[in-house]
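J.: Prediction below, plus the sequence it came from.
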Amino acid sequence: MDSSLLIDDAVSVAPKPNLKRPCCSIFPDSSRILSSKSNPNPLDALLESFLELSDSSAVALDLSLDRILESRHYDSDQNDVIDRALRLGSALTEAANRSARRRASVHNAFVWALPLDLTIKVFSMLDTQSVCHAAATCSFFHKCAADPLCYSNIDLTTVVPKINNMVVSTMIQRAGKDLRSLKLGVVPCPDAASLGSSQPLVYSMRNSSDTSGFSWNDKKSRQGKESFILSRSCLAPLIADGGALGSLLRRLHLYNIDRMDNTAFGAAVSACPSLLDLEIVGLHVELRQTLESVSRSCPLIERLYFESSKTGRDDSLKLPTCNDLVTNCPSLSSLSLRGFKLHDIKVRTLVKGFRKLKYVDFSTSYSITGDFLRNLGGNAGANLLEVLILRDCMHLREAEVSRLLSAMLAGRFVYLKHIVSVQT
C-alpha cells in the first residue's frame, strides 16, 4: 500500500483542533448581531454602540469632546458643538425617562392584584380628583379611569374658583349616560352643611376669609381669571343631544356660580327628569322660577335645598307655585328654603301639603311668625316630620314655639326628634 494514501487517510480521520479564541467580529456578542438584524436603522446601530460605553468612559468622553472642540477654529463653531451635545444629552434623558415610565406601566399591569373590572369598581368609589390623579400614574390605571363608571359621581367643588366650563364638559362627556351625580362650584365652608348649622354656604365679598385660609383678595385675583370661572353655560352638556346625558342624573348640587341665571338653570333642570336631590346655594336665580322649573321637570325629587344669594330680599314666591310644587312633587321628604322672605301661609301650604315630609329648614326666613305651626300633625299633615329648623327667623313668636312643644308633649308629633329655633 502506498504510504502517501495512509497519510491522507490519517489526516482525514484526525479530529480538528479547537480554536483558542473566536473569530473577530464587529459585534461583541450574538445578541448584538440579532439586534442589528432586527434594527436595520443606522441610528439604532449608532445609539446601541454609544450605549455600550461603560460608566468609566466619562473621562474618555471629556477628552473626545475636547479634541472635537479644538478641531473647530472659531468660537461660534465650538459653541454650536456644545449646544448640540447638550441637546443630544437632554433628548436621550427624556427618551430614557419615557421608556422607563412605559416599562413601569407594563409592570404595574402585571403586579396589580385586581383585574380590570374590579379596579374600575374601586375607582368609581373615589372622588373625581383622586380618579384623575390615579389616571396619571400609569397606562393601566389610565385605561381603567377612562371607563364611564369612574365618573358617574362627579364632584368638582372647590374652596376657591379653579374649575372652568371645559373641565366640566370633559367630565360629563366621560361619564356619558352613566352620570348619576354632579356637584359644581365654590364651597367656602364644606362643614357648614351640618344639621342646623347657621353658617352660610354663600360665597360672596362679605366672606373676607374662611376656614381655607385664603383671604378675599386671593380669591378675587383667582376669580378674575376667565380660566377659573364657571359661566351660565357650564351645564350645557346636560342639555346636548336632547338631554341624553342628563336624563338619568339623580343628584345635582350647585354652589355660588355667579353667572348662572334663571334661563340657564331652568333649561338644565328640564333635562333632568330623574332628579332626586337638588341643592342650590348662592345662585342668582329667583325662588319662584326655580320652584316652577322643579315642579315642571322633576316629579321624582325627594330632597330640595335652596339657600338664597340675597338673604331676605327674595319675595318672589307665590301661593300657586307652592300648590303646584306640592301636587307635582309628592315624593319630597326634605325641604330647605334658607334666607328667603317667606310668609306663614305659603310655608303652611308646603309643610302640610307634602305627606312624606320629614325634614324642614326655613332658617333666616325673616317673615315667618310661627302661625304655620298651628294644627300640624295628625290628619292635618306633617305627621311624619322628624326635623324642624327655624334658626334666625327674626319674627318667630315664642308663643307659637311653646304651642308646638305642648303639642309634642300631647303626642301629636310622634316622629319629631330635632327642633332648632335659636336666635343668634
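T.: Okay, I see it. Numbering: from 1, shown residues only.
J.: from here on, contacts and neighbour counts on C-alpha atoms
T.: Fine.
J.: Distance check, D117 against A145.
T.: 11 Å (Cα to Cα, to the nearest Å).
J.: So for these two, which residue has more residues nearby?
T.: The residue with more neighbours, out of D117 and A145 and counting by other Cα atoms under 10 Å, is A145; that gives 24 against 11.
J.: Not counting its neighbours along the chain, what's nearest the more buried one?
T.: In space, and not counting its chain neighbours, A145 is closest to A135: 5.6 Å by Cα to Cα, 6 or more residues apart in numbering.
J.: thought that neighbour was touching H142?
T.: Yes: here A135 reaches H142: they are 4.0 Å apart, a contact under Cα atoms under 8 Å.
J.: contacting residues for the residue nearest to A145?
T.: 141-146 (Cα atoms under 8 Å, 6 or more residues apart in numbering).
J.: try 10 Å this time
T.: 123, 129, 141-146 (Cα atoms under 10 Å, 6 or more residues apart in numbering).
J.: Phi first, then psi, for it.
T.: When quoted as degrees, to the nearest 10, the phi and psi of A135 stand at phi -60, psi -20.
J.: going forward, begin numbering at 31 instead of 1
T.: Sure, I'll start numbering at 31, so the last one becomes A165.
J.: so what sits against both of D147 and A175?
T.: In contact with both D147 and A175: F153, using Cα under 10 Å, 6+ apart.
J.: low-scoring stretches of this structure, by residue?
T.: 31-70, 84-86, 135-140, 219-258, 342, 407-412, 454 (pLDDT under 70).
J.: and the most centrally placed residue in it, what does it touch?
T.: Centroid-nearest residue in the chain: T158, 3.0 Å away (criterion: Cα atoms, centre = their mean). Residues in contact with T158 (Cα under 10 Å, 6+ apart) are 164, 180-187, 201.
J.: go on, D157?
T.: Per Cα under 10 Å, 6+ apart, neighbours of D157: 180-181, 183-186.
J.: quick one: which of those residues is most hemmed in?
T.: Going by other Cα under 10 Å, Y181 tops the contacts of D157 with 29 neighbours.
J.: That residue is in contact with R204, isn't it?
T.: Yes: if you go by Cα atoms under 10 Å, Y181 and R204 touch, sitting 6.6 Å apart.
J.: intersection of neighbour lists for those two?
T.: Going by Cα under 10 Å, 6+ apart, residues that sit against Y181 and also against R204 are A175.
J.: And the strand or helix carrying A134, what does it pack against?
T.: Using DSSP states H and E, A134 sits in helix 105-141. Here helix 105-141 touches helix 88-100, helix 169-175, going by 3 or more Cα pairs under 10 Å, 6 or more residues apart in numbering; DSSP states H and E.
J.: that older thread, look up how far G383 lies from the residue nearest to the centre of the chain.
T.: The value you get for T158 to G383, if Cα to Cα is used, is 38 Å.
J.: Look up phi and psi at S211.
T.: Torsion angles, degrees, to the nearest 10, at S211: phi -140, psi 140.
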